[in-house]
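In: Next one to model:
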Amino acid sequence: MKSSRRAGFAAAALLLLISAISATAAMPPRPSAPGGYALIFGTVWSADHRPVYGVHIKVRRAGEKKFRWEATSDHRGEFGIRVPSGKADYILVPEVKLPNGKPAPTQAIHVDEDERVDIGVHLEP
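Out: Numbers count the residues shown, from 1 in each chain. Okay, the predicted model is just below:
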């Protein structure tokens, strides 16, 4: 008697699990939240291909003059900046002077949605 109850309970639990899995698989993907963000992740490299610590990075939208986002590279030369999700172009400016006295070059970055964009910032003269 107990084994038939256990078998019935196991069968019911299995059917419930299968129906839950199939219902979840049939659901459309959830749209991104309005407060979502994209991540600009980068590494600052020296001219001899080593990571550079302490470089201040500023980011602004293309077409704007005001910098809205900032970060500083860590001991591995890495930094991360969250920007709003959605299609947009950004300008990244490393605030460091190169050995020849010129400022480091700026970089253009394009973001489509709530994604991660990986870049390398090379401080070469």
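
In: Correct me if wrong: E115 contacts A38.
Out: Yes: counting by CB atoms under 8 Å, E115 does reach A38; the two are 5.4 Å apart. C-beta: built from backbone N, CA, C; applies to glycine.

In: any shared contact partners between those two?
Out: Shared contacts of E115 and A38 (CB atoms under 8 Å, 6 or more residues apart in numbering): S85.

In: ok, the two, which is more surrounded?
Out: Higher neighbour count among E115 and A38: A38, with 21 against 12, using other CB atoms under 10 Å.

In: Buried ones in stretch 82-102, by neighbour count?
Out: Buried residues in stretch 82-102, counted by 16 or more other CB atoms under 10 Å: 83, 85, 90-94, 96.

In: ok, so of those, who is nearest H122?
Out: Closest approach between the buried residues of stretch 82-102 and H122, by CB to CB: P94, at 9.6 Å.

In: Which residue is the nearest non-sequential neighbour of that closest one?
Out: Nearest residue to P94, sequence neighbours excluded (CB to CB, 6 or more residues apart in numbering): A104, at 4.3 Å.

In: In contact with the one you found, which residues?
Out: Going by CB under 8 Å, 6+ apart, A104 touches 93-98, 121, 123.

In: Just the ones of the residues you listed in strands?
Out: Judged by DSSP state E, the contacts of A104 include 93-95, 121 as members of strands.

In: P51: which of those is nearest?
Out: Comparing the ones in strands among the contacts of A104 against P51 with CB to CB places V121 closest, at 10.3 Å.

In: Show me where the chain has its helices.
Out: 2-25 (DSSP state H).

In: where does it dip in pLDDT?
Out: 1-35 (pLDDT under 70).
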